[in-house]
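1. Sequence below, structure please.
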Amino acid sequence: MTIWKLEAVARPDDPRWQAGPRYERLYVRAGTPAEARICAGKALAPNPAVVGNENAEQPGPFEDAALYRVTRSSANDAGVAASEEGEPAVIAR
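-> Numbering: from 1, shown residues only. As a prediction, this is how the structure comes out:
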């Protein structure tokens, strides 16, 4: 697996955030950039019942390239003792 860095690229006042949390930077262990986006979404996306403005057809914030950029990274960059071995997971935020 690879360590991927997801960085917020949209301004904090961008309406696409839809009042949800905005993470400046996340590190995810996953096989591909798309898998990293999905993994982050499952682990950290807001609960639709709480926010109330999502629907099943609307992509989550981590899947929106206008909100988050995904680049290859490393555990050293993340500042954590994590390996590229293991299941897909958010390893640092």
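2. Return the residues in contact with the closest residue to Tyr27 other than its chain neighbours.
-> Spatial nearest neighbour of Tyr27, excluding adjacent residues (CB to CB, 6 or more residues apart in numbering): Ala78 at 3.8 Å. C-beta here means a position set from N, CA and C on the backbone, and glycine is covered the same way. Residues in contact with Ala78 (CB atoms under 8 Å, 6 or more residues apart in numbering) are Ile3, Lys5, Tyr27, Ile91, Ala92.
3. and if we set it to 7 Å?
-> Taking CB atoms under 7 Å, 6 or more residues apart in numbering, we find Ala78 in contact with Ile3, Tyr27, Ile91, Ala92.
4. For stretch 71-79, list every residue counted as buried.
-> Buried residues in stretch 71-79, counted by 16 or more other CB atoms under 10 Å: Ser73, Ala75, Ala78.
5. secondary structure class for Glu7?
-> Secondary structure, DSSP: H, G, I helix; E, B strand; the rest coil: Glu7 is strand.
6. Point me to the residue sitting closest to the centre of the chain.
-> In the chain, the centroid-proximal residue (CA atoms, centre = their mean) is Ala40; its distance is 3.9 Å.
7. Now do that residue against Ala34, distance only.
-> Noted for Ala40: a distance of 11 Å to Ala34, by CB to CB, to the nearest Å.
8. and stretch 9-24, how far out from the chain's middle?
-> 12 Å (CA atoms, centre = their mean, to the nearest Å).
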